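>>> let me see the structure of the following:
(chains A and B, ligands or ions: 1)
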Amino acid sequence: MTKKKIYSLDKNYSADIFFKRPDKYKEIEIISSKFENIITMGSCNSYTPASFRKNALSIQLTKFNRIIEFDKSQKLITVEAGIMLSDLFNFTLARGLWVPQIPGYPTITIGGAIASNSHGKSCGFHGTIKKQIKRIKIFHKLHGWLNLSNEENKDIFDLTIGGLGLTGSIVEVQLRLEELSGNNFVTKIIETDSSNDTVKKINFDVKKETYCYSWNRSDSFKNFGKGFVFQNELNISSNNKLTKNIKLNNSDINKNFIINFWNKYSVFFAQSVYQNYFKFLKSKQHEESFQKAIFPFIGKEFYFKLFGKKGFLESQIIVPFDKTEVFIDEVETIFKKHDPLITLYSLKNFKGEQKNLQFENDGICFTFDFVKNSKNLFFMDELDKICEKHLLTPSIIKDSRLKLETIEKCYKDLNRFKEEINKFDNKRIYKSTLTDKLMI
Amino acid sequence: MSNLIVGASSGLGREIAYEFARNSKNLILISRNLKDLEILKSDLEIKFKIEVNVFQLDFSDLNKVSKFILDNKKVLEKIDGVLFPIGMMRENDNIKNSNDDLIGIFSANFYSINFFITHILNIFEEKKNGFIVGFGSISGAIGREINVSYSSAKRALENYFESLIISNLKNHIKVQFYILGYLDTNLSFEKKLLLPKGSPVNLAKIVYKNLDKKGIKKFFPFWWIFIDMAIKILPFFITKKIIKFFN
Ligand SMILES: Cc1cc2nc3c(=O)[nH]c(=O)nc-3n(C[C@H](O)[C@H](O)[C@H](O)COP(=O)(O)OP(=O)(O)OC[C@H]3O[C@@H](n4cnc5c(N)ncnc54)[C@H](O)[C@@H]3O)c2cc1C
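So this is what the prediction gives:
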């Protein structure tokens, strides 16, 4: 069988892999039986090498993208796990229903979202996707077909959500849907003058269903943290059924330009233009389509392409509310010292309880995108030290550089998770480059 | 009224089913894989509000096909048309095939289709209407070292459909035949091929659009017509030399 070279979205990892995309149930069994090492792949939109490993089989389930059951009165939908968010939502939104805890890009699959325990723009209110999962059906080379839920195989159910594909291939999922009261959003733009000010403004009312995130400048120490909080609230006055389908941009998010266009000047220029646009040209309250508010990266894929072949790095960290001030203080100190090149700096609210490798906690989630260079790597090492010192929660699925040492300190369940995976899959069949790094 | 698709659970057959569903046509789907058929049925019924009936049937077993026809006369009487986007390959299909392999491959790719059409023709002739769509393969254009029986069966099928077109020129039965080059299905997934693959979604659209046309024989993707012509124009002793050169 021929091999294929594949890259993580951040371009820091690549591998020659065996690649199969079955479209029949029997084929999942047959293909899995032929390989010693397997990992399931969704759309391979992860920043990290989570769905591939050198010389292993990546079994891509994007042909398993159908709706199996839909019960409008119970607000339940059963789908195959390879369904992309856009396809799922084009069906449910037309019926006034959706899943709020979805990641910000429409080609991501439900299987990928579950295996990374995804969150959406309203994670301070809705938490993560695990709240919506009623039942999962997996295929595991050693165990065959298994139904998982809180009532059946609960231990494996818990390991599967946010389990990075280590319990086998998620093939079917039953999701609880939420009503969507409105088909677009009213976006309020609130100016902030520092990171601490952003935290105050973003954390204004966690009991309200708002889709809140910030955009902050990061081009210089002087500007660090200045920016805006975007508060999207559902526009109740609008019809609650989405009539327009979510449109995918033809641009392939995994492809990029040869050279990197981000440097001190281009970041300064881009951030100044962006800030002045929202400050002077955009009204402080405006209507925004569902697609724009929930999938802000559609049409902006060039942002990733601009990093060139060398790629980029992202760090995402949940900081408990009582530690945000000290975190910001320490980040500003290392920023002043190392002057890193950060292309994106953003905050959002978070709610949840960390279990296994699930990226969740109560607090504020800080996101930084970096150009890949030695200065930034050094800065990120310093960030790791801050995480370790304050026992913060760094994202494993986003930061391909994150060291095992840091993960061990910040994820108290890591060793227990490893043991349970080893017990369930004693031949350690399901593995990826990412989980190799975690020594699972 | 319904449209019957044989080989509907994957690849081109699945895309054709979606194209018909998008056009609000009720469907009868046949395939070897019941689980896949049932999931497809749910998806089509939920999304397009059409009626879908599914039958598990293995076309590589002529006796089963015969029994199916006998058992489902009433169902077949109600169909508007039938499509055969079916193709069965075996891994070691070479010049020395076992009896079982030969029978299996020929039944799935030729005999069963031929047999099925014979029965359907009687129904369509009585109704004075109906369409029959077949799918050949460019592999049938010339002999080869691999997929020997498959390509022979596809060549036979092409011949049979030509006869079908000619025999139905004067009535209301519409017959169409598509000769397929590389298609972007999971059979060709990640295979490095000399020519680009055609999209099964686009082909499904073309098939649906052409249903009313009589006596079509087309290549898809279209450029395969030139390759087919070249193969047929060249004397075999030259073709033989070219093959030897590349081997
Ligand atoms: C532009 C962009 C924005 C994003 N925004 C967010 C966000 O707001 N919130 C958030 O939480 N995340 C976000 N992400 C991250 C994204 O949600 C995850 O990386 C997600 O896992 C990608 O899903 P995928 O379908 O591409 O799966 P892949 O990248 O192919 O796989 C990811 C992981 O899921 C596993 N997996 C995939 N499918 C299955 C299956 N069927 N069975 C078992 N395991 C499976 C893989 O083994 C792997 O471990 C974003 C990513 C991008 C590119």
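>>> every contact and neighbour count from this point should use C-alpha atoms.
OK.
>>> helix/strand/coil for the nearest residue to residue A:415 once chain neighbours are set aside?
Using Cα to Cα, 6 or more residues apart in numbering or on different chains and skipping the chain neighbours, the partner closest in space to residue A:415 is residue A:408 (7.9 Å). Using DSSP: H, G, I helix; E, B strand; the rest coil, the structure places residue A:408 in helix.
>>> against residue B:237, how distant is residue A:408?
Separation of residue A:408 from residue B:237 (Cα to Cα, to the nearest Å) stands at 70 Å.
>>> higher neighbour count, those two?
Higher neighbour count among residue A:408 and residue B:237: residue A:408, with 14 against 8, using other Cα atoms under 10 Å in any protein chain shown.
>>> so the more buried one sits against residue A:414, correct?
Yes - if you go by Cα atoms under 8 Å, residue A:408 and residue A:414 touch, sitting 6.3 Å apart.
>>> against which helices or strands is the longest helix along chain B packed?
Secondary structure of chain B per DSSP state H: the longest helix is helix B:148-167. If you count contacts as 3 or more Cα pairs under 8 Å, 6 or more residues apart in numbering or on different chains; DSSP states H and E, helix B:148-167 packs onto helix B:99-106, strand B:131-137, strand B:174-180.
>>> now do the same end-to-end measure for stretch A:146-153.
Stretch A:146-153 stretches 8 Å from its first residue to its last (Cα to Cα).
>>> avg pLDDT for it?
If you average the pLDDT over stretch A:146-153, you get 98.
>>> can you give me the offset of it from its chain's centre?
25 Å (Cα atoms, centre = their mean, to the nearest Å).
>>> buried stuff in it?
Of all the residues in stretch A:146-153, those buried under the rule 16 or more other Cα atoms under 10 Å in any protein chain shown are A:146-149.
>>> how near is the residue nearest to residue A:415 to the ligand?
18 Å (Cα to the nearest ligand atom, to the nearest Å).
>>> get me the contact residues on chain B for the ligand.
Residues of chain B lying near the ligand by Cα under 6 Å from any ligand atom: none.
>>> near chain A, which residues of chain B?
B:9-11, B:33, B:35-36, B:39-40, B:42-43, B:46-47, B:186, B:189-191 (Cα under 8 Å from any Cα of the partner chain).
>>> and the residue of chain B nearest chain A?
residue B:43 (4.8 Å; Cα to the nearest Cα).
>>> what about the residue nearest to residue B:12 when sequence neighbours are not counted, how many residues nearby?
Distances taken as Cα to Cα, 6+ apart put residue B:200 closest to residue B:12, at 5.3 Å, once the chain neighbours are dropped. Neighbour count for residue B:200, taken as other Cα under 10 Å: 21.
>>> same deal with residue B:213?
By other Cα under 10 Å, the residues close to residue B:213 number 12.
>>> any idea how far the nearest residue to it once chain neighbours are set aside is from residue B:112?
Closest residue in space to residue B:213, ignoring its immediate chain neighbours: residue B:174 at 6.4 Å, by Cα to Cα, 6+ apart. As judged by Cα to Cα, residue B:174 and residue B:112 stand 20 Å apart.
>>> one more: residue B:184?
In terms of Cα to Cα, residue B:184 sits 26 Å off from residue B:112.
>>> ok, residue A:282 next?
66 Å.
>>> residue A:227 now?
Distance of residue A:227 to residue B:112, given as Cα to Cα: 69 Å.
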